Structure formats: structure tokens, C-alpha cells
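Undergrad: Give me the fold of what follows.
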Amino acid sequence: MILNIITYLRYTHSPLYSFLFTLPLFIIYEVGLLLSTSEDLAYLRNGADALMRKMLSVFGITGLFWISGGFLFGFLIIYFLQKYSWDEYEIKSGYFMLMVFESMVWSYILFIFMSNMHILLMVTSSYRVIQNVTLAIGAGIYEEILFRVILIFLFNYIIALVFQWNNYLKIGISIVFASVFFSLFHFIGEYGDYFSFNIFMVRFLAGIVLGLLYYFRGFGITAWTHSLYDLIVLTRITTQ
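TA: Numbers count the residues shown, from 1 in each chain. Presented below is the predicted three-dimensional model:
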């Protein structure tokens, strides 16, 4: 029993499982954009998504499908270059169902943790359910890529160049810095919230929780947790 749990935790934390687990979210988000009108696209493009697309456009990578394909190709490169051998991991379909359940548990824990401060971890100004669901899924994918995968890695790398600290301290400080940027990001842009210190702290603490979840459980479960949390809050908003 214990060995099965350890195997599950090790397998599902791997980049391979994270990649396969996140693919459905990525596809649903892109299909949601594809089925949207041109007027909706500017609203539906998640802020982190739009920022990364602008960064890629500097290198001449533009267009809806080229950029989406570029991210998929980048994912594949990352997972092919992971330090563990592909032979070490067996694809077990039952694990993916457990990962969905685990993500639901973490999203509910995050929901309880936020108590009465049920604030969306995305920026939304529309009450259209389908569009907001698409946006929630996009937030789970692209905000986790930007603020967890990329920023935590960059801060950890920079800190390692300057200080000879132990790995846990470097990761902890990197998570804090990334969480600050994660919270501030939601106040920027046309659809950003008006700045409030209380809301800033709520999103900052949520960023800490998601950062720790990313470190211990990997990108896939963190992205699903983020998306499911936003969907839970959206459900409460639309049913009240």
C-alpha cells in the first residue's frame, strides 16, 4: 500500500505525467478560443497567455495556431530532456483519474483556505458562463506556466548565482517573489482589478499555496487545481 502511494506520488510528479495530464486543459482552452467570436478573443485571452504570446512575437512567432503549436512543441522538448529515463515511468491510466480527484481535493482545500475571501485567481469582467469557463481553464494553464514554472525557475537560478543557500531556502524565496508578481499581475491591464491591499494579500497567499503545490506535486496537478478553484468560485458567483 505504502509502496503504491510512493510510486503514485513519484510518477505523477514527473514532467511526463504533467504534460499528458495538462493536454486536455490546453485543448479545451484552445477549442474554446477557436469557437469564440473575434470580439470575444481579446477578452478571452488570459493575461499570462497574452503576455507570453507578445514575448514570442518578438521572435517572429505569431498567429493563433503557430503560437499554440509552439507551446506544445516546447512542452515536448522539456519532457524529452527530463533527467529521468522514459523507461522509469509506466503510463498507468488509473493514475490520471486519481490526479483529477487529487486536484479536486486541493482546489477545495484552497477554496476553504481562502475562507470568505473567494476571489478569482484570474481577472474577469463578464458574466458569460462559457467564456468565463474558458478563461478559468486558460488561467490554470498559462498563469501556472508563467508564475510557477518560469518565474520560480528564474528566481531560483538568480539566487543560486549570488548566494550559496540550501535548496529549500532558495525555492522558498523564489516562491515568495513569484507570488508577489502573480498577485500584482492581476491589477494590470484593461481588465485588471483596482488595487486593494487586501485583495493583493489574498492572491499573494494563494500564490504561495500554489507555489508549494507546484514544488511538491508538479505542474499538472497545480494547473488543474488552479482551474478547478476558479470554476468553483465561478459556480458560486453565477448561482447566487
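Undergrad: for this protein, which spans come out with low pLDDT?
TA: Within the chain, the stretches with pLDDT under 70 are 36-88, 115-129, 189-192, 238-240.
Undergrad: Could you pull out the strands in it for me?
TA: Counting by DSSP state E, the chain has no strands at all.
Undergrad: which residues in it form helices?
TA: Using DSSP state H, the helices of the chain run over residues 2-13, 15-34, 38-44, 47-57, 64-80, 93-113, 129-138, 144, 151-162, 167-185, 197-217, 219-239.
Undergrad: contacts for the shortest one?
TA: The set of residues that contact helix 144 without belonging to it, under Cβ atoms under 8 Å, 6 or more residues apart in numbering, is 210, 214, 219, 222-223, 226. All C-beta spots, glycine's among them, are computed from the backbone N, C-alpha and C.
Undergrad: Including mean neighbour count, could the helices of the chain go into a markdown table?
TA: Formatted as a markdown table, the helices of the chain follow (neighbours: other Cβ atoms under 10 Å):
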| stretch | mean neighbour count |
| --- | --- |
| helix 2-13 | 13 |
| helix 15-34 | 18 |
| helix 38-44 | 14 |
| helix 47-57 | 17 |
| helix 64-80 | 14 |
| helix 93-113 | 15 |
| helix 129-138 | 21 |
| helix 144 | 29 |
| helix 151-162 | 14 |
| helix 167-185 | 18 |
| helix 197-217 | 18 |
| helix 219-239 | 21 |
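Undergrad: Ile141 and Asn166: what is the separation?
TA: Using Cβ to Cβ, to the nearest Å, one gets 31 Å for the distance from Ile141 to Asn166.
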